[in-house]
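Colleague: give me a model of this one.
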Amino acid sequence: MTVAYPFTAIVGQDDMKLALSIAAVDPSIGGVLVFGERGTGKSTTIRALAQLLPKIAAVKDCPYQCDPQAPSKSLCAQCQNTSPLKSHKIAIPVVDLPLGATEDRVLGALDIEKAIHNGEKAFQPGLLAAANRGFLYIDEVNLLEDHIVDALLDVAASGINVVEREGLSVRHPARFVLVGSGNPEEGELRPQLLDRFGLSLDVRTPRDIPTRVEIIKLRDAFDHDPEGFSKRFSRKEGALRRKIDTARTAVDAVDIPTEILEKAASLCLELGTDGLRGELTLIRSARALAALKGQDVATLQHLKQVALFVLRHRLRRDPMDESSADARVERAIATSLS
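Modeller: Residues are numbered from 1 along each chain as shown. Presented below is the predicted three-dimensional model:
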């Protein structure tokens, strides 16, 4: 079994770690998009999150990891027709979607082996089935083929994957947090897919020598002895796992004062974001951050801390303003959230 680099051993990328932790606390925030130069630890950090996440209850022998406590209408057909449901604990799924994946591999298709050997029409679940209730990770997301992007958009909007082909008609739950990483030099992301990411950030290589030296030392130690290195961080990993698990339980009870709602709306109005998705994501992110910090009320400080992640990719291009998206958001934060 491959040993992943510990999440708590990653240094110099605090914003990326915070954004991923917030999305882990409240998946309804949407996905996380991480753009940056090669070698900045994007893939390492995202894969490190997988081993950090707490386990969840799932229906035993269900190919879609259905939640045994969910209403019947949210379950797959197999679970709807099974009683009683037996459950067990599983790791939250983190599934890689490779760039070369076919539509059949992503959505699912006819099980050819069963069709040939048994003459049986059976559905072979795809990557979206495996990612249900977990994370779907796409490296180099800006290079994804258009027809795969279209399929992802349809499923992300409804939370249901519908496959109708070769005499099959299958519907199954497919609710996942989309996590994408990429290099902006290799092309932009389609606006429709960009809008599906709740949080967005740019990562850069650390510029100060002490941080760079620490990263080199840690990585070199891991490469020489992955298991021993991971054991050194096991206590920190366990503490953060418990923190995220507690926050996931407490997040719905975090209070959002009316003043915070008004501040979120004011900020989005000043920036001219389309629709209300910006405000909703702002509020959910502030609430998740409060839960992560063990607090039961979302404050202005929480709102300020998440605003750049939430809004930087939602701005319209302004031909009269040559400032970067980050600069525009930071100006609006100073004005609206003072």
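Colleague: how about the spatially closest residue to Lys86 that is not a sequence neighbour, what does it touch?
Modeller: Closest residue to Lys86 apart from its sequence neighbours, by Cβ to Cβ, 6 or more residues apart in numbering: Lys60 at 4.3 Å. Glycine gets a C-beta too; all of them are placed from N, C-alpha and C. By Cβ atoms under 8 Å, 6 or more residues apart in numbering, the contact list for Lys60 reads Leu85, Lys86, Ser87, His88.
Colleague: quick one, domains of the chain?
Modeller: 7-54+92-203, 252-336 (automatic domain parsing).
Colleague: worst average pLDDT in these?
Modeller: Of all these, mean pLDDT reaches its minimum on domain 7-54+92-203 (a mean of 86).
Colleague: quick revisit: show me which of the contacts of Lys60 are buried.
Modeller: For the contacts of Lys60, a burial check counting by 16 or more other Cβ atoms under 10 Å picks out Leu85, Ser87.
Colleague: let's see which of the contacts of Lys60 end up in strands.
Modeller: Ser87, His88 (DSSP state E).
Colleague: just the closest of the contacts of Lys60 to Gly198, please.
Modeller: Ser87 (28.6 Å; Cβ to Cβ).
Colleague: relative to Ala58, how far out is that closest one?
Modeller: 6 Å (Cβ to Cβ, to the nearest Å).
Colleague: list residues touching both of those two?
Modeller: Residues touching both Ser87 and Ala58 (Cβ under 8 Å, 6+ apart): Pro68.
Colleague: buried residues in stretch 81-97, which are they?
Modeller: Neighbour-count burial for stretch 81-97 flags Thr82, Leu85, Ser87, Ile90, Ile92, Pro93, Val94, Val95, Asp96, Leu97 (criterion: 16+ other Cβ under 10 Å).
Colleague: equivalent analysis for stretch 155-171, please.
Modeller: Those would be Val155, Ala156, Asn161, Val163, Val170, for stretch 155-171 by 16+ other Cβ under 10 Å.
Colleague: correct me if wrong: the first one contacts Ala174.
Modeller: I take that to be Val155. Yes - contact criterion Cβ atoms under 8 Å: Val155 and Ala174 qualify, at 5.0 Å.
Colleague: which neighbours do the two share?
Modeller: Common neighbours of Val155 and Ala174 (Cβ under 8 Å, 6+ apart) are Leu128, Asn161.
Colleague: mind listing what Phe229 touches?
Modeller: Contact analysis of Phe229 by Cβ under 8 Å, 6+ apart lists Pro6, Ala9, Leu218, Ala221, Phe222.
Colleague: need the three-state assignment for it.
Modeller: helix (DSSP: H, G, I helix; E, B strand; the rest coil).
Colleague: pLDDT score for it?
Modeller: Per the predicted model, pLDDT is 95 at Phe229.
Colleague: state the distance from it to Val11.
Modeller: Taking Cβ to Cβ, one finds Phe229 at 14 Å from Val11.
Colleague: what sits in contact with each of these two?
Modeller: Residues within reach of Phe229 and of Val11 at once, by Cβ under 8 Å, 6+ apart, are Leu218.
Colleague: neighbours around Pro257, how many?
Modeller: 12 (other Cβ atoms under 10 Å).
Colleague: quick check: closest non-adjacent residue to Ile22.
Modeller: By the measure of Cβ to Cβ, 6+ apart, the closest residue to Ile22 outside its immediate chain neighbours is Ala288, 4.7 Å from it.
Colleague: just His302 next, same as before
Modeller: Spatial nearest neighbour of His302, chain neighbours left out: Ala286 (4.1 Å); criterion: Cβ to Cβ, 6+ apart.
Colleague: which secondary structure element is home to that neighbour?
Modeller: Using DSSP states H and E, Ala286 maps to helix 277-292.
Colleague: which stretches in the protein count as strands?
Modeller: Under DSSP E, the chain gives strands at 31-36, 55-59, 87-91, 94-96, 108-110, 123-125, 135-139, 160-165, 168-173, 177-182, 197-203.
Colleague: between strand 55-59 and the third one, find me the angle.
Modeller: What it means is strand 87-91. Angle, strand 87-91 to strand 55-59, by axes from the mean of the first three to the mean of the last three Cα atoms, to 10 degrees: 140 degrees.
Colleague: packing partners of strand 87-91?
Modeller: Under the contact definition 3 or more Cβ pairs under 8 Å, 6 or more residues apart in numbering; DSSP states H and E, strand 87-91 sits against strand 55-59.
Colleague: so what's the residue nearest to Ile22 up against?
Modeller: Applying Cβ under 8 Å, 6+ apart to Ala288 gives the contacts Ile22, Ala23, Val25, Asp26, Ile29, Ala247, Val251.
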